[in-house]
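Enquirer: turn this into a structure:
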Amino acid sequence: MNKLIFILVLSSSQIFAAHTLSLDLRSGQYKELLDKALDLEDDYDQEKIIQTGSRLLNWIKAINDSRADNKIELYKPEDSRGIPITKPSKYNGEIALKRYNKALKALPESMKKTLITFSSAPVPKRHSLENDKIFIKYAKSIDAAYRTAARWKLMKKWLPQLKLRRARDIRGYYYLSLVSNLKEKLEKYASMEDHVKSRYTQSLIGMCLNNKRLLPYCERELKTANTWKFYSKYKPGSKKLYESFFKLSHKREDIIVSKNMDHTVFNIPFRRYPDMDVNNWLESNVEHEWKGLNWNLNVDVVDNSDIYIVFAPGATASVAKHNKITMDKNRGINNYTVDWTIRHEFGHVLGFPDCYIEFYDSSEKVMVNYQIDLDNIMCSRKGHIQDSHYQELSKVYL
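Expert: As a prediction, this is how the structure comes out:
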């Protein structure tokens with residue numbers, strides 16, 4: 001009897017048609033996105049959280065506008081922790097509400113009065129707590145709930161497409177690649193304790209999904225398959241998918257490589273921006289980040305180049321067709337967040353993809369996201385350039 005194998009054929013346009021948001025967005029960026037969005041579904045509980053969080057942002061702005069220094073910052077560069085692959089973030093409307101209620105319960109009455117009781121009144125230009133540190137502690141808890149609710153609202157309309165992205169979840173391959181004596185352990189799969197077996201089952205099913213199989217097929221095959229053979233069958237496809245998050249997607253024709261002794265320089269042109277401060281800012285940031293012991297990237301500002309930058313109010317940072325860099329005009333330049341962003345976005349100009357993942361898990365009814373490598377600038381705000389970036393550039397250009 002011939003076996004019927006159901007393969008999920010996903011084009012890149014299907015997988016990425018869903019809304020894509022950076023995992024490192026700040027509250028102000030969420031607010032700008034929500035203000036621009038016109039066709040999002042309203043939910044009473046979520047709107048309550050978003051209204052409170054938005055009022056908090058307005059309050060902090062009012063306080064900071066009244067101060068010459070000692071501005072309130074909820075998050076500083078050193079606060080970035082990232083979202084490790086071993087501890088992914090999970091969220092939905094219920095999780096957002098639970099975080100909000102917990103934060104609200106602990107909130108001092110003076111803050112609650114400003115944020116909730118008189119929500120339509122103008123925000124004050126000061127707070128009445130003992131010091132900023134205490135204010136920030138409670139503000140962060142409200143802000144965390146706000147960011148969760150805002151992200152859920154922005155992503156909710158895309159759940160059918162985001163469900164397809166589960167095929168790109170590489171946690172199963174990652175987990176099993178770290179297991180010692182894997183073959184020996186998989187041969188004892190049938191006799192494993194339930195809680196241990198469940199972890200292996202999820203990982204193996206995940207690898208099957210990486211190979212564009214449908215979930216029912218993967219579950220049926222695993223029930224009767226030799227577990228080691230099942231793993232070996234799907235390992236190449238999962239490995240290829242995992243490695244694709246770190247490979248250059250294309251080779252640029254405008255990069256010129258020069259070598260001096262054992263030092264390599266990758267020269268790349270950039271179209272001159274009318275404001276020289278922008279050119280200096282981009283050049284210094286990119287060149288400061290994209291370098292190693294024996295190599296560096298050199299940005300050559302010229303009058304004519306396919307690579308250029310534009311600033312649009314409220315824009316989400318992005319790169320179109322590997323050439324057009326779009327940045328938020330409202331955020332200016334020369335602050336940590338924007339500096340990191342241009343370094344990251346220039347990685348896309350070079351051809352490096354994002355190495356973070358977000359998808360909808362319909363079994364748990366939650367959105368799941370994580371950053372594959374917290375030390376990699378294309379994955380996380382904590383990250384920087386690695387030797388692997390140079391190795392990939394060398395493979396393509398040398």
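
Enquirer: quick one: the helices in the stretch 51-200 of the chain?
Expert: Taking DSSP state H, counting those that start in this stretch as the test, the helices found in the stretch 51-200 of the chain are 93-106, 109-112, 132-156, 159-164, 171-177, 182-186, 194-210.

Enquirer: of those, which is nearest residue 347?
Expert: Nearest to residue 347 among the helices of the stretch 51-200 of the chain is helix 171-177; the distance by CB to CB comes to 21.5 Å. (Glycine included, C-beta is placed from N, CA and C.)

Enquirer: and the helices in the stretch 251-398 of the chain?
Expert: So, for the stretch 251-398 of the chain - with DSSP H, counting those that start in this stretch - the helices run 276-289, 336-350, 387-397.

Enquirer: as JSON lines, the helices of the stretch 51-200 of the chain with distance to residue 258 would be great.
Expert: Below are the helices of the stretch 51-200 of the chain laid out as JSON lines (distance: least, CB to CB, whole Å):
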{"stretch": "helix 93-106", "distance to residue 258": "52"}
{"stretch": "helix 109-112", "distance to residue 258": "58"}
{"stretch": "helix 132-156", "distance to residue 258": "44"}
{"stretch": "helix 159-164", "distance to residue 258": "44"}
{"stretch": "helix 171-177", "distance to residue 258": "37"}
{"stretch": "helix 182-186", "distance to residue 258": "45"}
{"stretch": "helix 194-210", "distance to residue 258": "40"}
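
Enquirer: quick check: which of those is nearest to residue 84?
Expert: The closest of those to residue 84 is helix 171-177. By CB to CB, the value is 10.7 Å.

Enquirer: so which of the helices of the stretch 251-398 of the chain is the most packed in?
Expert: Stretch with highest mean neighbour count among the helices of the stretch 251-398 of the chain: helix 336-350 (a mean of 20; mean count of other CB atoms under 10 Å).

Enquirer: quick one: name whatever helix or strand follows the lowest-mean-pLDDT helix or strand in the chain.
Expert: Using mean pLDDT, DSSP states H and E, helix 12-16 stands out as the lowest-scoring helix or strand of the chain, at a mean of 42. Remark: after helix 12-16, the chain's next helix or strand is helix 27-36, criterion DSSP states H and E.

Enquirer: quick check: buried residues in that following helix?
Expert: 27, 28, 29, 30, 31, 32, 33, 34 (16 or more other CB atoms under 10 Å).

Enquirer: is it correct that the third one is in contact with residue 327?
Expert: No. Under the criterion of CB atoms under 8 Å, residue 29 is not in contact with residue 327, lying 12.0 Å apart.

Enquirer: any weak-confidence spans in the chain?
Expert: Applying pLDDT under 70 to the chain flags the ranges 1-18, 117-120.

Enquirer: burial of residue 291, as a residue count?
Expert: Residue 291 has 17 neighbours, counted by other CB atoms under 10 Å.

Enquirer: who's the closest residue to it other than its chain neighbours bridged to?
Expert: Once flanking residues are discounted, residue 291 sits nearest to residue 297: 6.4 Å by CB to CB, 6 or more residues apart in numbering. With DSSP bridges as the criterion, residue 297 is bridged to residue 266.

Enquirer: same question for the one 4 residues further on.
Expert: Residue 301 has these beta-bridge partners by DSSP bridges: residue 270.

Enquirer: re earlier: of the buried residues of helix 27-36, closest to residue 285?
Expert: Taking CB to CB as the measure, residue 285 lies nearest residue 29 of these, at 19.1 Å.

Enquirer: contacting residues for the closest one?
Expert: Residue 29 is in contact with 316, 328, counting by CB atoms under 8 Å, 6 or more residues apart in numbering.

Enquirer: and residue 350, by the same measure?
Expert: 248, 252, 268, 290, 297, 393.

Enquirer: now residue 337
Expert: 26, 331.

Enquirer: please report the distance of it from residue 20.
Expert: As for residue 337, its distance to residue 20 is 19 Å (criterion: CB to CB, to the nearest Å).
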